[in-house]
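Enquirer: fold the following, please.
(one chain, ligands or ions: 1)
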Amino acid sequence: MAITVTGLSKSFGGRPVLRDFSARFEEGSVSCIFGPSGQGKTTLLHLLMELLAPDGGAIEGIGDQRIGAVFQEDRLCETLSVLRNIRLVCRKGVPDEEILTHLQEVGLRDSAYKSAGELSGGMKRRVALVRAVIVRPDVLLLDEPFKGMDAATKADAIGYLRRRAPKATVLLVTHDREDAGQLGAAQIIELDA
Ligand SMILES: Nc1ncnc2c1ncn2[C@@H]1O[C@H](COP(=O)(O)OP(=O)(O)OP(=O)(O)O)[C@@H](O)[C@H]1O
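Expert: Predicted coordinates for the structure are as follows:
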């Protein structure tokens, strides 16, 4: 189902962050969201996830869909192993082997039994990406998911995303213009003042 956003507005402490923002995200499409720091990219994702309420406007088409998210922060349980972090979002009965296969695809199989807190920044991002993708989401909301990854690791992560979530509606917040081409983005949204 397509997601439609109409006339969305949000202010914090009287300062407008989003003003009359409208967009349509077609089912199964990739949209990249660019814009300088502080222009409301993360806020937009939080509104779509209903972590924030808008001051005005409407969001339609997302309510019944399964959402996977990579937040701007990793939001991992640092003392739990990588495997356990991912298991937290999986249904009962998902075998370890399935989780390990996902981890292998992003180059993390050898880190499966390490505590999340021991990983580098780019490794944590990949764990967060697997955690978002493994639930087979209809909608993927990704806030700078490739932060801290070198070019080769990022290429692997993009390949993983395209292979494992080919039908998801993807909204990707990024500062890297090349991501749009690599992900075959159908739409580019510029948020700026
Ligand atoms: N919960 C909040 N309370 C108060 N102000 C907030 C809150 N969330 C965001 N803001 C403010 O809203 C503005 C937009 O923040 P947001 O994180 O959406 O920007 P962004 O475009 O994602 O930036 P960046 O590229 O730096 O991640 C910022 O000025 C931020 O300080």
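Enquirer: same for the lowest-mean-pLDDT helix or strand in the chain, what does it pack against?
Expert: Ranking every helix and strand in the chain by mean pLDDT, DSSP states H and E puts helix 178-182 at the bottom, with a mean of 91. Packing partners of helix 178-182 (3 or more CB pairs under 8 Å, 6 or more residues apart in numbering; DSSP states H and E): helix 151-164. (Each C-beta comes from the backbone N, C-alpha and C, glycine too.)
Enquirer: give me the contact list for the helix it packs on.
Expert: For helix 151-164, the external contacting residues (CB atoms under 8 Å, 6 or more residues apart in numbering) are 102, 105-107, 122, 125-126, 129-130, 133-134, 140, 145-146, 149, 170, 179, 182-184.
Enquirer: could you list the contact residues of the protein toward the ligand?
Expert: F12, V17, G35, S37, G38, Q39, G40, K41, T42, T43, Q72 (CB under 6 Å from any ligand atom).
Enquirer: list buried residues within these.
Expert: V17, G35, Q39, G40, K41, T42, T43 (16 or more other CB atoms under 10 Å).
Enquirer: what about the strands in this protein?
Expert: 3-12, 15-25, 30-34, 56-60, 67-70, 139-143, 169-173, 187-190 (DSSP state E).
Enquirer: want to throw those strands into a markdown table with mean pLDDT?
Expert: What follows is those, written out as a markdown table (pLDDT from 0 to 100):
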| stretch | mean pLDDT |
| --- | --- |
| strand 3-12 | 97 |
| strand 15-25 | 95 |
| strand 30-34 | 96 |
| strand 56-60 | 97 |
| strand 67-70 | 97 |
| strand 139-143 | 98 |
| strand 169-173 | 97 |
| strand 187-190 | 95 |
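Enquirer: and of these, who's closest to A112?
Expert: With respect to A112, and counting by CB to CB, the nearest of the strands of the chain is strand 67-70 at 18.9 Å.
Enquirer: which strands or helices does the closest one pack on?
Expert: Against strand 67-70 (3+ CB pairs under 8 Å, 6+ apart) you get helix 121-133, strand 139-143.
Enquirer: what residues are up against D20?
Expert: D20 touches G7, L8, S9, G57, counting by CB under 8 Å, 6+ apart.
Enquirer: before we move on, back to that, could I get the helices and strands packed on strand 67-70 as TSV with distance to M49 and mean neighbour count?
Expert: Formatted as TSV, those follow (distance: least, CB to CB, whole Å; neighbours: other CB atoms under 10 Å):
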stretch	distance to M49	mean neighbour count
helix 121-133	12	23
strand 139-143	6	24
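Enquirer: local confidence estimate at K92?
Expert: pLDDT for K92: 89.
Enquirer: what is the neighbour count of it?
Expert: Per other CB atoms under 10 Å, the neighbour tally for K92 reads 5.
Enquirer: try D110
Expert: Considering only other CB under 10 Å, D110 is surrounded by 10 other residues.
Enquirer: ok, now how distant is it from E73?
Expert: Separation of D110 from E73 (CB to CB, to the nearest Å): 24 Å.
Enquirer: ok, A180 next?
Expert: In terms of CB to CB, A180 sits 24 Å off from E73.
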